[in-house]
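Sequence and predicted structure, then a few things I'm wondering about:
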Amino acid sequence: MQGPYVIMTRGFGNVVENGKIIGFELNMRIPYYRGTFLSLVHYLSLAVDGQPLPESQLRVLLGGRVFTIPQMKEADDVRWAYGAPATLRALKPGGLEPGLHEVEIGVVIRKSYFPPEDPEKLYGFFDLWKDGQYTPYIEAPLVISKRMTLVQ
């Protein structure tokens with residue numbers, strides 16, 4: 001499984017703009033053996049030290065562009081290649097304190113080539129099954145956590 005390689009230790013730190021810490025970021029790899037378009041990342045979440053961050057505070061930096069989570073879901077022209085890092089940024093004034101943190105990412109990648117046998121197996125995403133027509137396969141989120149040290 002690729003889980004241990006998704007959250008990268010390189011790139012974990014606070015983000016400074018105009019002399020102020022506006023948040024923190026970390027690099028991550030796609031937990032899918034093929035890579036995919038950014039729009040097929042169905043779900044992405046981040047929690048630090050057991051505290052989930054609201055989707056509105058998250059940004060994804062990939063291919064020289066910055067995406068909010070809703071924008072990411074529309075980015076069908078941006079490919080996230082297997083092994084290539086993307087940066088997950090959290091807008092949190094003051095960032096994180098230096099020291100050890102438990103970082104947890106939740107992610108779901110839609111696999112468009114593998115439809116479900118039964119729409120009831122969509123784990124609560126019932127709105128994706130419309131009138132018995134084809135829908136991408138959705139599975140429960142892959143949750144990956146890693147202890148990381150933030151150095152100032």
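That came through, no problem. Note that the structure is predicted; figures quoted are calculated from it, not measured. Numbers count the residues shown, from 1 in each chain.

Assign the residue nearest to F12 when sequence neighbours are not counted to one of the three secondary structure states.
With Cβ to Cβ, 6 or more residues apart in numbering as the criterion, F12 has its nearest non-adjacent residue at 4.5 Å, and that residue is L26. Where you see a C-beta, it was placed from the backbone N, CA and C, and this is true even at glycine. The three-state label given to L26 by DSSP: H, G, I helix; E, B strand; the rest coil is strand.

Same question for E102.
Recorded secondary structure, E102: strand (three-state DSSP).

Report the contact partners of the residue nearest to F12.
Neighbouring residues of L26 by Cβ atoms under 8 Å, 6 or more residues apart in numbering: 7-8, 11-12, 87-88, 103, 148.

Okay, and the beta partners of the residue most central in space within the chain?
Centrality entry for the chain: nearest residue to the mean C-alpha point is L44, 3.7 Å, by Cα atoms, centre = their mean. Applying DSSP bridges to L44 gives these bridge partners: V107.

Now do it against G13, distance only.
To G13, L44 is 20 Å away according to Cβ to Cβ, to the nearest Å.

now swap in Y43 and tell me
Using Cβ to Cβ, Y43 is found at 25 Å from G13.

quick one: least confident helix or strand in this structure?
Every helix and strand of the chain was ranked by mean pLDDT, DSSP states H and E. The lowest is helix 3-6, at a mean of 77.

which helices and strands sit right next to it?
Under the contact criterion of 3 or more Cβ pairs under 8 Å, 6 or more residues apart in numbering; DSSP states H and E, helix 3-6 touches strand 142-150.

what about the spatially closest residue to Y5 that is not a sequence neighbour, how many neighbours?
Nearest residue to Y5 in three dimensions, chain neighbours excluded: R29, at 6.0 Å (Cβ to Cβ, 6+ apart). R29 has 18 neighbours, counted by other Cβ atoms under 10 Å.
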